[in-house]
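> Sequence and predicted model, in that order:
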Amino acid sequence: MKSMLLSLLVFVFITLPISQAQAKNTPCSGKMGGVSHCSKDGKFVCKNGKISQSKKTCH
């Protein structure tokens with residue numbers, strides 16, 4: 001039982017930083033609320049209404 005709990009804790013501590021790193025590399029992440037849609041010029045429009053500063057373009 002202890003080894004199973006330990007394995008679960010190790011799994012959580014390994015995967016948590018990975019998901020946070022992925023969120024930082026996503027347009028409109030964090031307080032921006034995610035991507036709402038693409039603008040006509042290919043920029044990401046966030047759910048809070050702001051334009052993402054990402055260098056990536058969308059179609």
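Done, it's in.

> so what's residue 46 bridging to?
For residue 46, the beta-bridge partners are residue 35 (DSSP bridges).

> hang on, isn't it packed against residue 39?
No. Counting by Cβ atoms under 8 Å, residue 46 sits too far from residue 39 to count as a contact (10.7 Å). Heads up, the C-betas are built off the backbone N, CA and C, glycines and all.

> Strands of the protein, start to end?
35-38, 44-46 (DSSP state E).

> Of those, flag the one that's most buried.
Counting by mean count of other Cβ atoms under 10 Å, strand 44-46 has the highest mean neighbour count of these, with a mean of 20.

> Let me know the average pLDDT across that one.
In this model, strand 44-46 has an average pLDDT of 93.

> residues in contact with that strand?
27-28, 32-39, 51-52, 54, 56, 58 (Cβ atoms under 8 Å, 6 or more residues apart in numbering).

> Nearest to residue 3 among the residues you listed?
residue 34 (38.2 Å; Cβ to Cβ).

> Tell me, how many residues neighbour that closest one?
Applying other Cβ atoms under 10 Å, we find 14 residues neighbouring residue 34.

> How much space separates it from residue 8?
29 Å (Cβ to Cβ, to the nearest Å).

> again, but for residue 42
43 Å.

> any idea where the helices of this structure begin and end?
Taking DSSP state H, the helices of the chain run over residues 2-24.

> low-scoring stretches of it, by residue?
Residues of the chain meeting the criterion pLDDT under 70: 9-25.

> how about 50 then?
18-23 (pLDDT under 50).

> rewinding a little: mind putting the strands of the chain into TSV with distance to residue 4?
Formatted as TSV, the strands of the chain follow (distance: least, Cβ to Cβ, whole Å):
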stretch	distance to residue 4
strand 35-38	38
strand 44-46	41
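
> Nearest to residue 2, out of these?
Among the strands of the chain, strand 35-38 sits nearest to residue 2 (Cβ to Cβ), with 42.9 Å.

> Since that was my last question, I'll sign off now.
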